[in-house]
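Participant: here is my input; please provide its structure:
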Amino acid sequence: MQHYYVNKLANPNGEHEVHVPRCAHLPEGDNGIHLGTYMRCGDAVEAAKAHFDKVTGCRVCCASGHTG
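Facilitator: Next comes the predicted model:
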C-alpha cells in the first residue's frame, strides 16, 4: 500500500496531479490533499476525482495513472 496526494493547484492543462510522498513534484505545504493509501495509482486517481474534475497521475511517480 502506498500513500497518495493530489495537488490542489492545477497544471497548465488544468489537471490536478496525483503524487506519492517520495516524488520530487509532491505539492508543498497546504497545496496537497492526502487521498489515503491505495494498491495502485489508478485507484488514487479515481479517488482524487471526488475533489477535482480533471485529474491525472504524475508522469514521474504515477505514470500508470497519467492521461496526457
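
Participant: phi, psi for residue 13 please.
Facilitator: With angles defined as degrees, to the nearest 10, residue 13 sits at phi -80, psi 0.

Participant: cool, and residue 26?
Facilitator: Phi and psi for residue 26, reported as degrees, to the nearest 10, are phi -60, psi 130.

Participant: show me the residue at the heart of the protein, geometrically.
Facilitator: Geometric centre of the chain, nearest residue: residue 18, 0.7 Å, by Cα atoms, centre = their mean.

Participant: what does the helix or strand containing that one contact?
Facilitator: Taking DSSP states H and E as the criterion, residue 18 maps to strand 16-19. Strand 16-19 has contacts (Cβ atoms under 8 Å, 6 or more residues apart in numbering) with 4-11, 25-27, 32, 35, 41, 44-45, 48, 51-52, 54-58, 61-62, 65. Using the backbone N, CA and C atoms, a C-beta is placed for each residue, glycine as well.

Participant: in strands, which of the residues you listed fall?
Facilitator: Using DSSP state E to define strands, the subset of those located there is 4-7, 32, 35, 55-57.

Participant: of these - the most surrounded one?
Facilitator: residue 4 (29 neighbours; other Cβ atoms under 10 Å).

Participant: bridged to it, which residues?
Facilitator: Judged by DSSP bridges, the bridge partners of residue 4 are residue 36.

Participant: avg pLDDT for stretch 39-49?
Facilitator: Mean pLDDT, computed over stretch 39-49, is 96.

Participant: may I have it as CSV, with CA atoms only?
Facilitator: Extracted C-alpha coordinates of stretch 39-49, given in CSV (Å, rounded to 0.1, in the frame of the first residue of the first chain):
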residue,chain,number,x,y,z
MET,A,39,-2.6,-0.5,-4.0
ARG,A,40,-2.5,1.2,-7.4
CYS,A,41,-2.0,4.7,-8.7
GLY,A,42,-5.1,4.4,-10.8
ASP,A,43,-7.2,3.9,-7.7
ALA,A,44,-5.8,7.1,-6.2
VAL,A,45,-6.5,9.0,-9.4
GLU,A,46,-10.1,7.8,-9.2
ALA,A,47,-10.3,8.9,-5.6
ALA,A,48,-9.0,12.4,-6.5
LYS,A,49,-11.9,12.8,-8.9
